[in-house]
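A.B. asks: The following comprises the amino acid sequence and a computationally predicted model.
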Amino acid sequence: MPPFQRDYAWGGEQWDELWQDVVAIASGDNSASTHFLGPIVLQDLPGRGRERLVIDGQQRLVTLSVLALAVISRVEVMAEQKGTPDNKDDLERVRLLRERHISTLDPVSLRLRPRLTLNRRDDSFYAMRLVDNELPMARPRHDGERRLFDAWYFFRRQVDAKFGPDTTSEALADFLTRVQDGLQFIEIHVEDDDTAFVVFETLNARGMALSTADLVKNYLFSKAARYGEHDLDLARAGWERVIREVPSEAVSRLLFCGLAGGAQSLTEKRVYGEVKRLVPDPDDVVPFLRQLEESARLYAALDAPEAELWSDLPSPPRAAVKLLQLLEAEDARPLLLAAWRMVPPEDFGKLLHQLSVLLLRAQIARVNTGETKRAFIEAANRITNEQLKRPAKILRALRGIYPSDDDFGAAFEKLSVDPQGRHKRLARYLLAALERKMGGAPVSEDDPQVTVEHILPVNPGGLWPDFSAEQHRQDLTRLGNLTLLEYRLNKQVGSAGFTKKAEVYAQSHYGMTRAIEGEGWSPEAIRARQKVMAEHAVQIWRLDLSGE
């Protein structure tokens, strides 16, 4: 396998599918006696005899090798359980099966060496543990090694279940022979790296499809490898620094967000092509990875209000980061990654605050998400082209998705947020901000002693005559029906009637909760309370878009 190949990545779904295929091959049914496993792309190595680089097909070949090792290990166990000379035939079968399926005999050292050489991270485990049948007692920590370990045990369990305790070494050898004879591939041989990657990009049709991140990594490593092992090691180290910042499954999205500001009309499907345009030569690899690492650091920090990165800014924007996190504001990331490179550090925290307010208003007023996404990417392009450098100008460029006070207020009056659903943290945030404005009590939405109380309860019983079943469904999660309440007081109210609740509310530290009084609670009372909340919300979350 080329050194830039990804680690072993197959899992249970792929193993099970392959096992079902090979069982069908070995069943003796002529209709299933062959099975096509797709194309394998091999690159010739001048001066290396019959050795080939596996450009595409790594996962299939490695998995078939592990399957064969699991079968052979069962034959070895059978040989060990028999006394000499009864085990002579079993030992001979082990030797022949290994030579045919796993290893070749080196004519110089007369040692068996694996037919497959995996990438650097997986090869030692494969050669020293699986091939030598010396599996560790505990699962390895590295992902690729752990999947190889799990694959061996998966196939060994399948072999034991299929053949049972009374099988023979002849039956196991016949099974492997039938599988080998029945599998079919198309071999595609390429002569150089450029041809290899044209084919590689289009032929990953079976198994776990490569993500954009996999394609980009392999492309960068192949470019770096042209200058030798040292440059390849630098590229590997750069990639490792990127995935230390963000999980590997998020790298494809990071690439899109990082590149969207520099490319017109970029789509996630075109990210790989854009990387090839930006990194045409080996000299471009390390600078590209260095910039990607910087983007990854910010990308990760946007999910972590307490990240060290924010401490480097003059005014750490942790509250704004927390709000963006609550809003799940993924569409703003292309703009933020572009601004991180172009906007002065003293202005970046201000920009984060302004964007968090804009996004809150846009989400509550239900601004079209397609418009929002386009506006952020267009602004990111203008930032990258140095047309926008200051937060005020960036904000003006986004005014098309900034709801007016009237639109935001009207939407806020109708807002429902389920405090027990996926937006429960947002409900706490909104109520805490409103309490600081309306009631004056200092409150943190992260305080575990602060709870969100339904005034009209989830289970009203017969104590709330002003609410029909339909009215209860409509009004239960309206913001006007929610309030902050200390945990100790919340335990006292439960599903009590309004009179009992009002007595407890009067003991609360929170002004918005003490203000809930009167002889009853009705749909009209909820709407009146939420109208007041909306008037305050317009003032709390307001931006001035008139300045330059």
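C.D. replies: That came through fine. Numbers count the residues shown, from 1 in each chain.
A.B. asks: Leaving out chain neighbours, which residue sits closest to Ile383?
C.D. replies: Computed as Cβ to Cβ, 6 or more residues apart in numbering, the closest residue to Ile383 that is not its neighbour in sequence is Ala338, at 4.3 Å. The way it works is simple: take the backbone N, C-alpha and C, and place the C-beta from them, glycine included.
A.B. asks: Rounded mean pLDDT for the strand ranked longest in the chain, please.
C.D. replies: Among the segments of the chain that qualify as a strand by DSSP state E, the longest is strand 35-44. The average pLDDT within strand 35-44 is 83.
A.B. asks: in this protein, what spans have low per-residue confidence?
C.D. replies: By pLDDT under 70, the weakly predicted segments of the chain are 3-4, 28-32, 82-86, 192-210, 547-548.
A.B. asks: again, only using 50
C.D. replies: 205-208 (pLDDT under 50).
A.B. asks: For it, which helix extends over the most residues?
C.D. replies: Secondary structure of the chain per DSSP state H: the longest helix is helix 58-81.
A.B. asks: what about the helix or strand following it, distance to the chain center?
C.D. replies: Counting by DSSP states H and E, the next helix or strand C-terminal to helix 58-81 is helix 88-101. Relative to its chain's centre, helix 88-101 lies at 44 Å (Cα atoms, centre = their mean, to the nearest Å).
A.B. asks: For helix 88-101, name the packing helices and strands.
C.D. replies: Identification of packing neighbours for helix 88-101 by 3 or more Cβ pairs under 8 Å, 6 or more residues apart in numbering; DSSP states H and E yields helix 58-81, helix 169-182.
A.B. asks: For Pro419, find the nearest of those helices.
C.D. replies: helix 58-81 (45.4 Å; Cβ to Cβ).
A.B. asks: The closest one vs helix 169-182, what angle?
C.D. replies: Interaxial angle, helix 58-81 versus helix 169-182 (axes from the mean of the first three to the mean of the last three Cα atoms, to 10 degrees): 160 degrees.
A.B. asks: and helix 58-81, which residues are buried?
C.D. replies: By 16 or more other Cβ atoms under 10 Å, the buried positions in helix 58-81 come out as 58-76, 78-79.
A.B. asks: for Leu292, what are its contacts?
C.D. replies: When contacts are counted by Cβ atoms under 8 Å, 6 or more residues apart in numbering, Leu292 touches 238, 242, 254-255, 258.
A.B. asks: Between these, which sits nearest Gln14?
C.D. replies: Taking Cβ to Cβ as the measure, Leu255 is the one of the contacts of Leu292 closest to Gln14, at 24.9 Å.
A.B. asks: That closest one: what's it in contact with?
C.D. replies: Leu255 touches 212-213, 216, 271, 275, 292, counting by Cβ under 8 Å, 6+ apart.
A.B. asks: and what of Glu519?
C.D. replies: Counted by Cβ under 8 Å, 6+ apart, Glu519 has contacts Thr499.
A.B. asks: Then the one 3 residues further on?
C.D. replies: Taking Cβ under 8 Å, 6+ apart as the definition of contact, the neighbours of Ser522 are 466-467.
A.B. asks: Give me the distance between it and Glu13.
C.D. replies: 54 Å (Cβ to Cβ, to the nearest Å).
A.B. asks: cool, Val54 as well?
C.D. replies: From Val54 to Glu13 the distance is 22 Å (Cβ to Cβ).
A.B. asks: same question, Leu220
C.D. replies: Leu220 sits 29 Å away from Glu13, taking Cβ to Cβ as the criterion.
A.B. asks: Compare those two (neighbour count), which wins?
C.D. replies: Leu220 (26 against 9; other Cβ atoms under 10 Å).
A.B. asks: which element is the closest residue to Glu535 other than its chain neighbours on?
C.D. replies: Excluding the flanking residues, the one nearest Glu535 by Cβ to Cβ, 6+ apart is Gly409, at 6.8 Å. Secondary-structure assignment from DSSP H and E places Gly409 in helix 405-413.
A.B. asks: Go ahead and confirm Glu274 touches Ala263.
C.D. replies: Yes - at 5.3 Å, Glu274 counts as touching Ala263 under the criterion of Cβ atoms under 8 Å.
A.B. asks: Report how many residues lie close to the residue nearest to Glu535.
C.D. replies: So Gly409, with other Cβ under 10 Å, has 20 neighbours.
A.B. asks: Please apply the same query to Ile364.
C.D. replies: Ile364: 24 neighbours (other Cβ under 10 Å).
A.B. asks: What residues does it make contact with?
C.D. replies: 403, 408, 411-412, 415.
A.B. asks: Does the residue nearest to Glu535 touch His536 like I think?
C.D. replies: No - using Cβ under 8 Å, Gly409 is not in contact with His536; the gap is 9.8 Å.
A.B. asks: which parts of stretch 494-504 are buried?
C.D. replies: Within stretch 494-504, the residues scored as buried using 16+ other Cβ under 10 Å are 497-498, 501-502, 504.
A.B. asks: er, stretch 11-25 actually
C.D. replies: Of the residues in stretch 11-25, 14-15, 18-19, 21-22, 24-25 count as buried by neighbour count, 16+ other Cβ under 10 Å.
A.B. asks: what's the closest of the residues you listed to Gly349?
C.D. replies: Gln14 (45.9 Å).
A.B. asks: my guess is that closest one contacts Gln59, does it?
C.D. replies: Yes - contact criterion Cβ under 8 Å: Gln14 and Gln59 qualify, at 7.4 Å.
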